[in-house]
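Colleague: Structure for the following, please:
(chains A and B)
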Amino acid sequence: MNFSARINAVLAVLLAALIALPLAVTSNFAYDILIRILLFAFIGTSWNLLGGYAKQFSLGHAAFFGLGAYTSSLLQINYGVSPWLGMLAGGVVAMLASLPIGWLCFRLRGPYFTIATIATAQVLMLVFLKFRDFAWGAEGTTMPNLGSAPLMMQFEGKAPYYYVALGLLLLSLVVTFYISRSRTGYYLLALGEDQDAAEAVGIDVPGEKRNIFMVSAFLTAMGGTFYVQYIYFIDPNTAFNFDVSIKAALVSIVGGVGTLFGPLIGTVLLETTAALLQSWLGNQAGVQVTVYALILMAIILWRPTGIMGFAKEFLLRKKLRATP
Amino acid sequence: MLETVTQAVINGLLIGGIYALVSIGVTLIFGVVKIVNFAQGEFVMIGMYITFFLATQLGMDPIVSLVVSMPVLFVIGLGVQHFLIRRVLGLNDLPQIFLTFALSLLILNVALMVLTPNYRTLHTSYSDAALHFGGFYVPVAKLIAFGVAMLLSAILWVFLHTTDLGRAMRAASQNRDVAQLMGINPHRVFAVALGIALALAGAAGSLLMPFYPAYPMVGQVFVLMAFVAVVLGTLGNVMGALVASLLMGIAESLGIQFIGADSGLIVVFLLLLITLAVKPSGLAA
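Modeller: Residues are numbered from 1 along each chain as shown, chains lettered A, B, ... in the order given. Below you'll find the predicted structure:
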């Protein structure tokens, strides 16, 4: 078997294991961790399309997460629309919102693009906090509990939620896979390295950035819908939480930006660390993010290519040693 | 009506002086080192806690504690440059953005662990005092803060324009490579820029303490304000950042007065977004 066939075999086994995993998991705590890993890997993978390939480092993806969450919740509670449809509607809303947001933020480059994205997400949160009669204001609301209603994205037990999250993650991986192999993927890589040079060779830089921002926003919003359905609650602080923006970037950087599986690997590492810390030290404020920050710093100072970059280097070195 | 507006403008202008200290630091680092310091707000927080503990443990007046907080943060600035920022210079955006971002998360969360999320307030003899000018009300603590902030800004301006080191810093911010060719040692200049910027953040913290509570997340408000001011005032422009900060203080205060207590930040962010839409290069350009 050659190298890529071996990789494919490993991936197939992993996928089968992920599908079979609920047979082995019994505790709700373990399910909760698994679902969080899948969800944040999904959001990280969506962030990675814009941040990893096009190197536009957004710290405002909570804007789209929140828009997805609010769109489906408003549709469900006010009009009885199924969150499955609400999830798509939320994606469309986020995609449309990404147009003015991108139009504004892409005027700035590098770190100031990042800051502008933080500001837009904050503005959205403040708007939802402020206008009370529009969407429940600061108190938020709980989702109506319908018991077992798969058509309304409500299930008995945690296993179905696990499969929904797994489905989302697979969706984002497939989208990333196809984009990264397409012409667009190479355009994104080129403009991520040097926007001016990319423009000079005829790439429509503003257009490519706008399009990938729309895809990234759409997917992130789907995660928002899933999350509020999973926790049965929505308020501006949950939906537009800065932590969502941070985590989306963090898992990708730790795992390796601009790689297909980087965000997933980063999420597994960070969430496992968080769970271990929690069982070891309890819920002491600040411990978890302190450790995240140290991991992030270590990665930046020693391995800016993330775990994936490290793994690639390792495999390459092994290969070089193997060839005489 | 006019009186309400004037009062709101006074309040905004005074707090704008504090915003100016923070944003001048951010813009100085950006101008000279070409790095955005996401952790600037956390250094304000450190300044606040230094002042808080000096006042509660040793009974030192917050204004006097400037002589401690500024040098301590200057030294921290040298360390941040030497041990962290120096290692990512010349690399691409990712390490440059996320190194100081990680530093901000680290300081904030260590503070949460060590100092707890509790609010700490300091009550001085002048915390509640106020002057009255023809029906207008000017709180003394804020007036002192504003005065010292403007004095420090003026000292910085004189330093940048009259001393060799200051000129070297301005040269490095205009063109790093040419400055290096002229015999300017970039690492020395960068370290001093970081030191000064952090000292200003520390000063902001000390000056805030008589009328503002200290808590681990306190820096986030100020750093967001500073980012907006730095964009508004044209990136890297010290004078622009100063003027923009004062304007933002006023905008925030008017927003609070006329739209509602929780809308100050909305007004400021909208100001940023409008600037980006209309004149993305900032007001001073």
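
Colleague: Which helix or strand contains residue A:196?
Modeller: helix A:195-200 (DSSP states H and E).

Colleague: From residue B:39, how far off is the closest residue to chain B within the stretch 201-324 of chain A?
Modeller: Proximity of the stretch 201-324 of chain A to chain B (Cβ to the nearest Cβ) peaks at residue A:286, 3.2 Å away. Where you see a C-beta, it was placed from the backbone N, CA and C, and this is true even at glycine. The spacing between residue A:286 and residue B:39, counted by Cβ to Cβ, to the nearest Å, is 16 Å.

Colleague: The two: who's more crowded?
Modeller: residue B:39 (26 against 21; other Cβ atoms under 10 Å in any protein chain shown).

Colleague: just checking, the more buried one touches residue B:107?
Modeller: Yes. With contact defined as Cβ atoms under 8 Å, residue B:39 counts as touching residue B:107 (6.1 Å).

Colleague: Do a quick rundown of the strands in chain A.
Modeller: A:141-142, A:233-234 (DSSP state E).

Colleague: before we move on, back to that, find the residue closest to the residue of the stretch 201-324 of chain A closest to chain B in space, skipping its chain neighbours.
Modeller: Distances taken as Cβ to Cβ, 6 or more residues apart in numbering or on different chains place residue B:112 nearest to residue A:286, at 3.2 Å, with adjacent residues excluded.

Colleague: quick one: what helix or strand has the one you found in it?
Modeller: helix B:93-115.

Colleague: For that helix, give the mean pLDDT please.
Modeller: Here helix B:93-115 scores 92 as its mean pLDDT.

Colleague: name the helices or strands packed onto that helix?
Modeller: Judged by 3 or more Cβ pairs under 8 Å, 6 or more residues apart in numbering or on different chains; DSSP states H and E, the packing partners of helix B:93-115 are helix A:111-130, helix A:242-255, helix A:287-302, helix B:40-58, helix B:218-232.

Colleague: Show me the one of those that comes nearest residue A:268.
Modeller: Among those, helix A:242-255 comes nearest to residue A:268, with 8.3 Å by Cβ to Cβ.

Colleague: For the stretch 151-285 of chain B, what lies in contact range of chain A?
Modeller: B:216, B:224, B:227-228, B:231, B:235, B:260, B:262-263, B:265-266, B:269-270, B:272-273, B:276-277, B:280 (Cβ under 8 Å from any Cβ of the partner chain).

Colleague: In helices only, show me those.
Modeller: The helices, defined by DSSP state H, take in B:224, B:227, B:228, B:231, B:265, B:266, B:269, B:270, B:272, B:273, B:276, B:277 from those.

Colleague: Buried ones among the residues you listed?
Modeller: Using 16 or more other Cβ atoms under 10 Å in any protein chain shown as the burial test, those include B:224, B:227, B:228, B:231, B:265, B:266, B:269, B:270, B:272, B:273, B:276 as buried.

Colleague: right, and out of those residues, which lies closest to residue A:302?
Modeller: Looking across those and measuring by Cβ to Cβ, the closest to residue A:302 is residue B:227, at 28.1 Å.

Colleague: Check the contact between that closest one and residue B:26; I expect there is one.
Modeller: Yes. Residue B:227 lies in contact with residue B:26 (Cβ under 8 Å); the separation is 6.8 Å.

Colleague: shared neighbours, these two?
Modeller: Here residue B:227 and residue B:26 share the contacting residues residue B:36, scored by Cβ atoms under 8 Å, 6 or more residues apart in numbering or on different chains.

Colleague: Could you check how far residue B:209 is from residue A:293?
Modeller: Distance from residue B:209 to residue A:293, counting by Cβ to Cβ: 26 Å.

Colleague: Give me the more crowded residue out of the two.
Modeller: Shown here are residue B:209 and residue A:293; by other Cβ under 10 Å, residue B:209 has more neighbours (29 against 23).

Colleague: show me what contacts that one?
Modeller: By Cβ under 8 Å, 6+ apart, the contact set of residue B:209 is B:48, B:51, B:52, B:55, B:62, B:65, B:122.

Colleague: The third one and residue A:311, how far apart?
Modeller: Just to be clear, that refers to residue B:52. Plainly put, residue B:52 is 47 Å away from residue A:311 if you go by Cβ to Cβ.

Colleague: same question, the second one
Modeller: According to Cβ to Cβ, residue B:51 and residue A:311 sit 47 Å apart.

Colleague: One more: the fourth one?
Modeller: For residue B:55, the distance to residue A:311 under the criterion Cβ to Cβ works out to 52 Å.

Colleague: ok, these two, which is more surrounded?
Modeller: Comparing residue B:55 with residue A:311 by other Cβ under 10 Å, the one with more neighbours is residue B:55, at 20 against 16.

Colleague: can you redo the buried ones among the ones in helices among the residues of the stretch 151-285 of chain B next to chain A as a markdown table with pLDDT?
Modeller: Shown next, in a markdown table, are those (pLDDT from 0 to 100):
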| residue | pLDDT |
| --- | --- |
| B:224 | 84 |
| B:227 | 86 |
| B:228 | 85 |
| B:231 | 83 |
| B:265 | 74 |
| B:266 | 78 |
| B:269 | 78 |
| B:270 | 79 |
| B:272 | 78 |
| B:273 | 77 |
| B:276 | 75 |
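
Colleague: Check those against residue A:24 and report the nearest one.
Modeller: residue B:224 (45.5 Å).

Colleague: Let me see the contact set for that closest one.
Modeller: Going by Cβ under 8 Å, 6+ apart, residue B:224 touches A:118, A:119, A:122, B:41, B:265, B:268.

Colleague: likewise residue A:99?
Modeller: A:210, A:214.

Colleague: Repeat that for residue B:75.
Modeller: Neighbour list for residue B:75: residue B:195 [criterion: Cβ under 8 Å, 6+ apart].

Colleague: in the one helix or strand it maps to, what's buried?
Modeller: Secondary-structure element containing residue B:75, defined by DSSP H and E: helix B:66-83. Neighbour counts using 16+ other Cβ under 10 Å place B:66, B:68, B:69, B:70, B:72, B:73, B:74, B:76, B:77, B:78, B:80, B:81 of helix B:66-83 among the buried residues.

Colleague: same check, this time on stretch A:73-82
Modeller: Of all the residues in stretch A:73-82, those buried under the rule 16+ other Cβ under 10 Å are A:73, A:74, A:75, A:76, A:77, A:81.

Colleague: got a list of contacts for it?
Modeller: Stretch A:73-82 has contacts (Cβ under 8 Å, 6+ apart) with A:72, A:83, A:85-86, A:89, A:135, A:141, A:143-144, A:151-153, A:225, A:228, A:234.

Colleague: Nearest to residue B:140 among these?
Modeller: Distances from residue B:140 to these, taken by Cβ to Cβ, are shortest for residue A:135, at 42.5 Å.

Colleague: Please tell me how far that closest one sits from residue A:141.
Modeller: Residue A:135 sits 8 Å away from residue A:141, taking Cβ to Cβ as the criterion.

Colleague: which of these two has more neighbours?
Modeller: The neighbour comparison of residue A:135 against residue A:141 (other Cβ under 10 Å) goes to residue A:135, with 20 against 16.

Colleague: All set, thanks.
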